[in-house]
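J.: quick one: sequence and predicted model below, then my questions.
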Amino acid sequence: MSSYFKDISKIQYEGVDSNNPLSFKYYDEDKVILGKKMKDHLRFATCYWHTFTWPGLDPFGGPTFERPWMQQGDPIEKAEEKLDEAFDFFDKITTPFFCFHDRDISPEGKNYSETQKNFFHIIDLMEKKLSKSKVKLLWGTANAFSHRRYMAGASTNPDPEVFAYKAAQVKDCMEATMRLGGQNYVLWGGREGYETILNTNMKLEMNNLARFLELVVNHKHKIGFKGQILLEPKPHEPTKHQYDFDSAACLALIRKAGLENEIHLNIEVNHATLSGHNFEHEIAYAIANNALGSIDINRGDTLLGWDTDQFPNNPLELLMPFYHIFSNGGFKQGGLNFDAKIRRQSIDPEDLFYAHIGGMDVAARSLIAVEKMINDKELSSYIKNRYKKWDQDLGKFIHSKEGNLETIANKVISENIEPEPQSGQQEYLENILNKYL
Ligand code: XUL
Ligand code: CO
């Protein structure tokens, strides 16, 4: 039975005037925004790895959290204890979903059969827990990057035995995800890239990665899994050059495998910033290519150049990404996974609650602001107007069968075309955003 969170009750919405730090100020799950309840728009998920498995390490120091299930003991019993605590947390924090990796929930055994036995033992228990809880599974995924066998990549490893090992893990994890009613399955490469081209056959590695995507999609159809398959971009860290660098690189891979109708993207904030883009760009790029599936919400630290995976705390940073998401229909099967960890000094059980409450409130505030932005139509009308000539004669002609370089060039002369530059009015537009927050 769970005890770690025993002093904390279910978190309730109390509004902005409440001084209770263990309450929501903005996230009112049943409040209707843009025609749907907040909880159905935001589809929050707690992530098992950072919230229950990450022990508070950094490159210079060991674990700081020392939670009961992280102590020495029988690894299966500890995994069971962690599961009890995790479900107690889900029920109290009220995220409607959670996400997991195979290795977060159960330990490796001495060979793959034993690892598989451990995994399905916990999956059986999880299935029982799910039948008694309101929480649902947003997505499952396999960890094919932590163990030393994966140091040179998983599906891009020079050794096909490593490829096969990952295939076995992903097969089991997809089947478990389906059995638990998971709505998506995520592929995050981790080490699908290379450290030095001196020892790398890039063409073969990229072909193998495309082959892996194809095997995953074939298996999805074979078992009748209705969830979305998602690929998560990340530019580097752990590997120097990753084949799944950003949304554009992931889409190139997906298209190489001919799977653009089968695989969408799971876009993470801190991965977007590490790639030299921002979250808004990655979201807008995915939407423009009909590829947005789900998001991992967190943030980096501008003073630290690595994936710090902090909880979001600034509504302004989410405003435009949310505007793009919710003005384009929002999430269907996807959602908003807190792939975020509390800081190494935040060692109390309450700290996990403060972090999620803050993240959920910040997202709720941004959603409330976005509702106004969408209803006011100020930005959408501006853009519509800026591009309006594409719906008129010349714009239509360029896209018509008659349009070719010659006929278009002839028009420049016959119609005396002399374009007049127009202001982009960036500052005017930036000022508009101010009024929504
Ligand atoms: C790693 C990361 C992963 C994926 C799932 O940076 O974001 O946790 O979300 O493997
Ligand atoms: Co992630």
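T.: Sure, I can see it. Ligands and ions are numbered 1, 2, ... in the order given.

J.: how much space separates the closest residue to residue 227 other than its chain neighbours from residue 64?
T.: In space, and not counting its chain neighbours, residue 227 is closest to residue 184: 4.9 Å by Cβ to Cβ, 6 or more residues apart in numbering. For glycine as for every other residue, the C-beta is placed from the backbone atoms N, C-alpha and C. The spacing between residue 184 and residue 64, counted by Cβ to Cβ, to the nearest Å, is 32 Å.

J.: neighbour count: these two, which is higher?
T.: A side-by-side neighbour count of residue 184 and residue 64, using other Cβ atoms under 10 Å, places residue 184 first with 26 against 14.

J.: list the contacts for the more buried one?
T.: 138-139, 227-230, 266, 293-294, 333-334 (Cβ atoms under 8 Å, 6 or more residues apart in numbering).

J.: so what sits opposite it in the bridge?
T.: Beta-bridge partners of residue 184, counted by DSSP bridges, are residue 139, residue 228.

J.: look up how far ligand 2 lies from residue 95.
T.: Counting by Cβ to the ion, to the nearest Å, the gap from residue 95 to ligand 2 is 16 Å.

J.: what does residue 166 give?
T.: 18 Å.

J.: can you classify that residue by secondary structure?
T.: Secondary structure, DSSP: H, G, I helix; E, B strand; the rest coil: residue 166 is helix.

J.: now it: closest residue in space, sequence neighbours ignored.
T.: Closest to residue 166 by Cβ to Cβ, 6+ apart is residue 154, at 4.0 Å.

J.: residue 286 contacts residue 292, doesn't it?
T.: Yes. Under the criterion of Cβ atoms under 8 Å, residue 286 makes contact with residue 292 at 4.1 Å.

J.: returning to what we had before: include distance to ligand 1, neighbour count and pLDDT when you put the contacts of residue 184 into CSV, please.
T.: CSV is the format used below for the contacts of residue 184 (distance: Cβ to the nearest ligand atom, whole Å; neighbours: other Cβ atoms under 10 Å; pLDDT from 0 to 100):
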residue, distance to ligand 1, neighbour count, pLDDT
138, 11, 29, 99
139, 9, 27, 99
227, 15, 20, 98
228, 15, 21, 98
229, 13, 23, 98
230, 10, 25, 98
266, 7, 30, 98
293, 12, 23, 98
294, 10, 28, 98
333, 16, 17, 98
334, 13, 24, 98
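
J.: what about the residue nearest to residue 166, how many neighbours?
T.: When neighbours are counted by other Cβ under 10 Å, residue 154 registers 27.

J.: hang on, it is in a helix, isn't it?
T.: No. Using three-state DSSP, the assignment for residue 154 is coil, not a helix.

J.: show the contacting residues for the nearest residue to residue 151 once chain neighbours are set aside.
T.: Counting by Cβ to Cβ, 6+ apart, residue 191 is the residue found nearest to residue 151 once chain neighbours are left out, at 7.0 Å. Listed by Cβ under 8 Å, 6+ apart, the contact set of residue 191 reads 144-145, 150-154, 156, 238-239.

J.: again, only this time at 6 Å
T.: Going by Cβ atoms under 6 Å, 6 or more residues apart in numbering, residue 191 touches 145, 150, 153, 238-239.

J.: ok but it is inside a helix, no?
T.: No. Under three-state DSSP, residue 191 falls outside any helix and is assigned coil.

J.: residue numbers of the protein in contact with ligand 2?
T.: 268, 296, 339 (Cβ under 5 Å from the ion).

J.: please report the distance of residue 156 from residue 150.
T.: Separation of residue 156 from residue 150 (Cβ to Cβ): 10 Å.

J.: look at these two and report which has more neighbours.
T.: Taking neighbours as other Cβ under 10 Å, residue 156 and residue 150 compare with residue 156 leading, 27 against 22.

J.: skipping its backbone neighbours, what lies nearest that one in space?
T.: Once flanking residues are discounted, residue 156 sits nearest to residue 205: 4.0 Å by Cβ to Cβ, 6+ apart.
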